[in-house]
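> Structure for this input, please:
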Amino acid sequence: MNIDMILQYYYADIENQRSVSANQTTAVLLALLLLLIGARAAAQASASRPGWGPPRREATLDSELVHDLRHRAFLYFLEQADPVTGLVRDRARTTGAAESAPGRDAASIAATGFGLTALCIGAEHGWISPGEARRRTLTALRFFAARAPAVHGWFYHFMVAQTGERKWKSELSSIDTALLLAGILTARQYFRESREIVALADEIYRRVDFQWMRNGDPYLLAMGWTPEKGFIPQRWDHYCELMILYLLAIGSPTHPIPAEAWYAWSRPPITYDHYHYIYGDRPLFVHQYSQAWVDFRHRRESRPPYIDWFQNSVIATLAARKYCIRLHSRFPGYSREVWGITASDSVRGYVAWGGPPDDPRVDGTVVPCAPAGSLMFTPHISLAALRTMKQLYGTRVYGRYGFADAFNPNTGWVDSDVIGIDQGITLLSAENFATGDVWKWFMRNANIGAAMNRVGLRPESGRASDSRGEARR
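Purely as a prediction, here's the structure:
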């Protein structure tokens, strides 16, 4: 029996009997005293063991921060989704104020994929009713199944939010379609009792012609296609956010590509301050996006060098933090607890920056979704960074939708926008850290597990991935 149970019985007696005897009071106080003595002894006995002991006040503050951060990020997808198409706007003001300037009507299919997942999260937490979340999901799925412009099942990167028209002559994007599909398939499992949602999700996935996107290559997928120029010459040929695209392609029920495609893209290694990992590009998001949905924990490739992709992202995050710490002499705003660079807005516009290796474009800007997107990998250091940013800069950087997309503590610049995909990785990573639910829902799609098995990413028994930010170096 714990303290709460003792007090519950005690207060029940008070309520039922309106009074308690002196003997009852003495017994309760004695029981409480014995429990407190036992708790103190247990705490002293475990004090020498790392990670054990009573919860700190910081843990409570972190729980409140994670909850608030998730709820505010969810609001973005609730308020910035068009009611007719379900498309989610690419960006919005930090205040949520409506904007009519040119370009502010642009929606992103990747943000929409995050948004469909956000509806599942919101329904699970009671931030939106299950019926309303289902209705919004159906709006988006009906639009993509019947009205959205597409070629061979692939969708345009940017669309006009209200109509779905192609925006800015953007490309049919293979990776952004994959992120959209991730959200669609998550919703398929969360709302699996809805026959229409399941049928529409299946229809949209089955239409995507992954073989066509190879454009003659036996394994590698093109980055996209435009009606004006045809296929984009660049291919997804080296490690980055591509993993979810290839798993969807290999697991496709209608147009699968060979499992050998998984090993056709290169895995360039990097060593930075004794951190050894597979490097794809400077921005930290390349290590985060696929794993927002795909649960790589306790899995390792079956071929040399037997990569554990979850652990690889843990180490990449630790190296990214170390990179910021080393920049402290040039940009004092960076520190052990204020760090994070990934593709984001800047005072000069949008920049796909990061590090390591050294990026000469870095100017001291902090991007909160970098540590937030790694909450599922390194919660200890990510939470410390987010907590410190909020404590130091408060409402200047933390508003209706959570953190502004970026800010520069060295110059005082604060972005006036938030960006949908950055809110998305913040929300999904925080949810996976707190509950693991996004992983659970997405991995219920049998095609994904089958694809992972086909490429040799089978579960390992008796091995736990280190997700606490203390990876082996």
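> Next, count neighbours for His298.
15 (other Cβ atoms under 10 Å). In short, each C-beta sits where N, CA and C put it, glycine included.
> Hmm, Leu457 and it touching each other?
No. Under the criterion of Cβ atoms under 8 Å, His298 makes no contact with Leu457, lying 10.2 Å away.
> Sketch out the low-pLDDT regions of the protein for me.
By pLDDT under 70, the weakly predicted segments of the chain are 1-61, 462-473.
> what ranges do the helices span in it?
Assigned by DSSP state H, the chain shows helices spanning 3-17, 22-46, 57-79, 109-125, 130-146, 174-190, 195-207, 243-250, 309-326, 369-373, 379-393, 420-434, 437-442, 446-454.
> Would you mark the buried spots in the fifth one?
When burial is assessed from 16 or more other Cβ atoms under 10 Å, helix 130-146 yields the following buried residues: 133-134, 136-145.
> quick one, that helix and helix 195-207 angle?
With axes from the mean of the first three to the mean of the last three Cα atoms, to 10 degrees as the basis, helix 130-146 and helix 195-207 are set at 30 degrees to each other.
> what's the angle between helix 130-146 and helix 174-190?
Put simply, helix 130-146 runs at 140 degrees to helix 174-190, going by the same axes, to 10 degrees.
> got the angle for helix 130-146 vs helix 57-79?
Using the same axes, to 10 degrees: helix 130-146 against helix 57-79 is 50 degrees.
> Helix 130-146 vs helix 109-125, what angle?
Going by the same axes, to 10 degrees, helix 130-146 makes 160 degrees with helix 109-125.
> Alpha carbons of helix 130-146, in PDB - could you do that?
Extracted in PDB, the C-alpha atoms of helix 130-146 (Å, rounded to 0.1, in the frame of the first residue of the first chain):
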ATOM      1  CA  PRO A 130     -12.300  11.200 -32.300                       C
ATOM      2  CA  GLY A 131     -15.200  12.000 -34.600                       C
ATOM      3  CA  GLU A 132     -13.700  15.400 -35.700                       C
ATOM      4  CA  ALA A 133     -10.300  13.800 -36.200                       C
ATOM      5  CA  ARG A 134     -11.900  11.100 -38.300                       C
ATOM      6  CA  ARG A 135     -13.900  13.700 -40.400                       C
ATOM      7  CA  ARG A 136     -10.700  15.700 -41.100                       C
ATOM      8  CA  THR A 137      -8.800  12.600 -42.100                       C
ATOM      9  CA  LEU A 138     -11.600  11.600 -44.500                       C
ATOM     10  CA  THR A 139     -11.500  15.100 -46.000                       C
ATOM     11  CA  ALA A 140      -7.800  14.800 -46.800                       C
ATOM     12  CA  LEU A 141      -8.000  11.200 -48.000                       C
ATOM     13  CA  ARG A 142     -11.000  11.900 -50.300                       C
ATOM     14  CA  PHE A 143      -9.100  14.800 -51.800                       C
ATOM     15  CA  PHE A 144      -5.900  12.800 -52.500                       C
ATOM     16  CA  ALA A 145      -7.900   9.900 -53.900                       C
ATOM     17  CA  ALA A 146     -10.100  11.800 -56.200                       C
END
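> Can you spell out which helices and strands pack onto it?
With contacts taken as 3 or more Cβ pairs under 8 Å, 6 or more residues apart in numbering; DSSP states H and E, helix 130-146 sits against helix 109-125, helix 174-190, helix 195-207.
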